[in-house]
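Participant: Here is the input, now give the coordinates:
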Amino acid sequence: MAAADPEVTVILIDNSERVLMHSEIYEAQQEAIKFYCKTKFKCNPENNVGLMPMAKHHALMVSPTRDLSKILRFLDIDVCYMGEVEAIRGIHGACSILSKSPLHMKKRILMFVGGPINMHIGDEDEYGNYLKHQGVALDVVNFFLVDIAFACSSLLFGEYCYARRELGELVTIVNDNGNSHIVDVKDESSVIKILSDSILKDHLHYIEKKTAADAEASRIQFVKPESKNESAADDEYFQAPGTEYVKQYPAKKTPHIDSKIREDLSRCRIGKQGLDPSHNEKNQKPMLKQVLELSHNDKNRFKLLQNMLEE
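Facilitator: Coordinates of the predicted model:
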């Protein structure tokens, strides 16, 4: 089965103070990133994932890699949670990293949002067209849901604001034949299921099919490889899982005796023509001689019995 197309993904992490204060969002983001990376790496051996925090003044990041231990260490130890989310800065930084990826690889941004961001009305058009021009797909996992009827004005119109509508429009503009998504996570404990049913749905389907194909291939035990010295049709080979081919030699076949010859033998036995009816070696040849006399007019029968007599 052909592997899925190789892809480089930059994950934009929400490392704002708000996420740190809400432990359920912090833990859900950690688990989602780990699950996403493991799934990506299973799909294609060329897939790479990088990490970039979006909070202000955070300079540390992980360049695209396949080293899962490096990614996990960064998530657990190296990420500092402070300030507010600079979403625009994150998009520019991710595109800069993706521009250095090999030409044959697809490019993607996965953005986690757990609070207010610096995106306002009109930004979605500018940055949506920018991402589309760069050939970058966009997935957004949004933990921040607010009832705007009860939201304060600073949350709706401040420098860092509630931007669910803008994020939705951004994904719509970037989307190219279903390659971009936005999902809302109301219950943080369901984030893995939400990813499995949306952003990673095709990836998991591919992994399932590949696993089934590999299992089917491992159940194939009998093959007939080409042989230089013998016809493959004459030999049978057995392969137990995890072992080399073992040649199976066919059991010796019982010679076919013509029905007419069987009748001649029967007549000799029934007629008791001076022979002991037992089938010991001493009496076999005298009996065959008498059968030869009965079969001398049939060349084929005569030849077969003559060979048996000479053995």
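Participant: the helices in the stretch 1-150 of the chain, which residues?
Facilitator: 17-21, 23-43, 68-73, 87-98, 123-134 (DSSP state H, counting those that start in this stretch).
Participant: Residues contacting the helix or strand harbouring S154, please?
Facilitator: Secondary-structure assignment from DSSP states H and E places S154 in helix 153-157. Under the contact criterion Cβ atoms under 8 Å, 6 or more residues apart in numbering, helix 153-157 has outside partners 116, 146, 148, 161-162. Any C-beta I mention is one placed from the backbone N, CA and C, and that applies to glycine too.
Participant: Pop the domain breakdown of the chain in here.
Facilitator: Each domain of the chain is listed here as a residue range: 7-214, 220-248, 259-310, per automatic domain parsing.
Participant: what's the least confident stretch among these?
Facilitator: Comparing mean pLDDT over the domains of the chain, the weakest stretch is domain 220-248, at a mean of 50.
Participant: before we move on, the earlier item: point out the most buried one among the domains of the chain.
Facilitator: Across those, averaging neighbours per residue (mean count of other Cβ atoms under 10 Å) puts domain 7-214 on top, at a mean of 17.
Participant: okay, how far is it across that one, tip to tip?
Facilitator: 23 Å (Cα to Cα, to the nearest Å).
Participant: Then stretch 171-185?
Facilitator: Using Cα to Cα, the two ends of stretch 171-185 sit 16 Å apart.
Participant: what does that stretch contact?
Facilitator: 28, 108, 124-125, 128-129, 131-132, 136-143, 145, 164, 167-168, 191, 194-195, 198-199.
Participant: Please apply the same query to stretch 197-204.
Facilitator: 4, 35-36, 39-40, 42-43, 110, 139, 141, 181, 183, 196.
Participant: Render the CA-only coordinates of that stretch in PDB, please.
Facilitator: In PDB, the C-alpha atoms belonging to stretch 197-204 read as follows (Å, rounded to 0.1, in the frame of the first residue of the first chain):
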ATOM      1  CA  ASP A 197     -13.300  12.300  13.700                       C
ATOM      2  CA  SER A 198     -12.100  15.400  11.800                       C
ATOM      3  CA  ILE A 199      -8.600  16.600  11.300                       C
ATOM      4  CA  LEU A 200      -7.000  13.100  11.600                       C
ATOM      5  CA  LYS A 201      -9.800  11.100  10.200                       C
ATOM      6  CA  ASP A 202      -8.200  10.300   6.900                       C
ATOM      7  CA  HIS A 203      -4.800   9.600   8.600                       C
ATOM      8  CA  LEU A 204      -6.300   7.100  11.000                       C
END
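Participant: mind listing the strands in this structure by residue range?
Facilitator: For the chain, the strands defined by DSSP state E cover 7-13, 48-53, 62-65, 106-113, 136-142, 181-184, 222-223, 236-238, 246-248.
Participant: So for D214, which of those strands sits nearest?
Facilitator: Among the strands of the chain, strand 222-223 comes nearest to D214, with 16.9 Å by Cβ to Cβ.
Participant: Could you point out which of the helices of the stretch 1-150 of the chain sits nearest H104?
Facilitator: helix 87-98 (13.5 Å).
Participant: Check which helices and strands the closest one is in contact with.
Facilitator: With contacts taken as 3 or more Cβ pairs under 8 Å, 6 or more residues apart in numbering; DSSP states H and E, helix 87-98 sits against strand 7-13, strand 48-53, strand 106-113, helix 123-134, strand 136-142.
Participant: would TSV of the ones you listed with distance to K209 be doable?
Facilitator: Below are the helices and strands packed on helix 87-98 laid out as TSV (distance: least, Cβ to Cβ, whole Å):
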stretch	distance to K209
strand 7-13	18
strand 48-53	22
strand 106-113	20
helix 123-134	30
strand 136-142	22
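Participant: and of the ones you listed, who's closest to P64?
Facilitator: strand 48-53 (3.8 Å).
Participant: May I have the strands that pair with that closest one, each with its orientation?
Facilitator: strand 7-13 (parallel), strand 62-65 (antiparallel) (DSSP bridges).
Participant: who's in contact with the first one?
Facilitator: With Cβ under 8 Å, 6+ apart as the test, strand 7-13 has contacts from 29, 33, 36, 40, 44, 47-54, 64, 75, 79, 87, 90-91, 93-94, 97-98, 101-102, 105-112.
Participant: swap the cut-off to 6 Å and go again
Facilitator: The contact list for strand 7-13 (Cβ atoms under 6 Å, 6 or more residues apart in numbering) reads 33, 47-54, 64, 90, 94, 97, 101, 105-112.
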